[in-house]
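Okay, here's the prediction I keep looking at, along with the sequence it came from:
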Amino acid sequence: MKNRTPVNKVMSNDPLHGITLKEILTLLVDKYGWQELGQRITIKCFTNDPSITSSLKFLRKTPWARTKVEALYIDTDWHPNINNKNIWSIERSGHND
């Protein structure tokens, strides 16, 4: 019987690793809303009666559109903010006004 050593898991450098298109789209809609998302990426499914379901159908069939959505997700600042104030600076200062 051969001695097998466990294979080390390699961390992926891909920022999209482990996240689905549905999760990406849902996060972007939560952050920007459909109106701003439609302004940032001019796609009819974002501006004309938008829904997660119809947008996913379109994005899965249209590589250029999916690429734009994934790029926006990667470029988006996901740091938590409260009323446009950085939550980390509030915690450090002890102020929450």
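Now that the structure is in, tell me what you want to look at.

which helices and strands sit right next to the helix or strand containing Trp64?
Using DSSP states H and E, Trp64 maps to helix 63-75. In terms of contacts (3 or more Cβ pairs under 8 Å, 6 or more residues apart in numbering; DSSP states H and E), helix 63-75 is packed against helix 21-40, helix 52-61. Every residue, glycine included, has its C-beta placed from N, CA and C.

which helices and strands does the last one pack with?
For helix 52-61, the packing partners by 3+ Cβ pairs under 8 Å, 6+ apart come out as helix 21-40, helix 44-47, helix 63-75.

Give the buried residues for that helix.
By neighbour count with 16 or more other Cβ atoms under 10 Å, helix 52-61 contains the buried residues Ser55, Leu56, Leu59.

quick one: that helix to helix 21-40, angle?
Inter-element angle recorded for helix 52-61 and helix 21-40: 90 degrees (by axes from the mean of the first three to the mean of the last three Cα atoms, to 10 degrees).

ok so, going back, ok, of the buried residues of helix 52-61, which one's closest to Lys22?
Set against Lys22, the nearest of those by Cβ to Cβ is Leu56 (6.0 Å).

What residues of the helix holding Trp64 count as buried?
Ala65, Arg66, Lys68, Val69, Glu70, Leu72, Tyr73.

I appreciate the help and will end here.
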